[in-house]
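Colleague: For reference, the sequence and a predicted model appear below.
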Amino acid sequence: MKTIVVIIPAYNEENAIAHVINEIPKIVSEVIVVSNNSTDNTIAVASKAGATVLTENKKGYGNACLKGLEYLSQREIKPDIVVFLDGDFSDYPEELIKLIAPIEENDIDFVIGARVAQLREKHSMTPQQVFGNWLATFLMKLFFKASFTDLGPFRAIKYQKLLDLKMEDKTYGWTVEMQLKILKQNMTYVEIPVRYKNRIGVSKVSGTVKGTIMAGVKIIGWIFKYTFK
C-alpha cells in the first residue's frame with residue numbers, strides 16, 4: 001500500500017476546513033493544512049479535526065504549497081503520493097480514491113481532477129473561472145499538444161515526480177506551472193472527472209476583481225514563458 005499525504009492550503013477557512021478533513025478517506029496517512037496568514041480560527045479548527053497544521057505568513061497559494069513540501073522534505077519517511085486539495089469544501093474529498101487509482105494501478109505520474117460541466121453544481125465556478133480554464137488549456141493544447149481541460153486544484157502526483165518539477169510559483173500560477181512542467185518533462189498524466197460544488201465562504205481569487213486579474217496574468221505568463229523558453 002502506497003503512503004499518501006494530503007496538502008491543503010487554507011486562508012480563513014474556519015467554517016469549511018473541518019468538513020474537508022473529516023471527509024478525506026482513511027487511507028491517507030497524514031493531512032497537512034497550511035494556514036496561509038489566516039486571521040480567523042482556521043488553525044484551531046484544523047488541528048482539532050486531526051490535521052497537522054503549519055503556518056505560512058507569506059501570502060500566496062504557491063507559498064502555502066511550498067511550505068507543505070518543505071515539511072515533507074524534513075520527514076524521515078517520505079510519502080509515495082501527494083494530493084493537493086482546497087480547504088473551501090468545493091471538492092468532494094472522498095473522490096481522492098479516484099484520483100490516486102491511475103497512479104497505483106497504471107503507474108501514471110500525475111492525475112488532475114477535472115471539474116467537468118455536467119458534474120459541477122450551478123454557480124460553483126464563475127464565468128471568469130470557466131473562461132480562464134478554457135483559455136489556459138486551449139493554449140496548452142495549441143503549443144504543447146496537451147489534453148488538459150482544467151486547472152483544477154484537486155490533484156495527485158507521485159512525490160518524487162513532484163520534487164523533479166522544482167516548483168517555484170508563490171501565488172496564483174502554482175497549478176498551471178505544475179501542468180506545464182509535467183508537459184515539459186514528458187511525465188504521464190490523466191484527467192479524472194470529479195464533482196464540484198459551491199464553496200463555503202467567498203473565493204479569495206475568483207471572488208474579487210483584483211484576484212481574477214492577477215490569476216489570469218500569472219497563468220498566461222507561465223504559458224508564454226514555457227512556450228518561448
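Modeller: Yep, that arrived. Numbering: from 1, shown residues only.

Colleague: Let's see the pLDDT reported for Lys210.
Modeller: For Lys210, the model assigns a pLDDT of 59.

Colleague: now swap in Ile223 and tell me
Modeller: 79.

Colleague: can you tell me which residues contact it?
Modeller: By CB atoms under 8 Å, 6 or more residues apart in numbering, the residues touching Ile223 are 136, 139-140, 143, 176, 180. C-beta: built from backbone N, CA, C; applies to glycine.

Colleague: any idea which element it lies in?
Modeller: In this assignment (DSSP states H and E), Ile223 forms part of helix 209-227.

Colleague: Three-state assignment for the residue most central in space within the chain, please.
Modeller: Centroid-nearest residue in the chain: Pro153, 2.9 Å away (criterion: CA atoms, centre = their mean). Recorded secondary structure, Pro153: coil (DSSP: H, G, I helix; E, B strand; the rest coil).

Colleague: and if you look at Lys78?
Modeller: Put simply, Lys78 is coil when judged by three-state DSSP.

Colleague: For it, give me its contacts.
Modeller: If you count contacts by CB under 8 Å, 6+ apart, then Lys78 has 3, 72, 159 around it.

Colleague: Now which of the residues you listed would you call buried?
Modeller: 72, 159 (16 or more other CB atoms under 10 Å).

Colleague: Would you format the contacts of Lys78 as TSV with secondary structure included?
Modeller: TSV is the format used below for the contacts of Lys78 (three-state DSSP):
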residue	secondary structure
Thr3	coil
Leu72	helix
Tyr159	helix
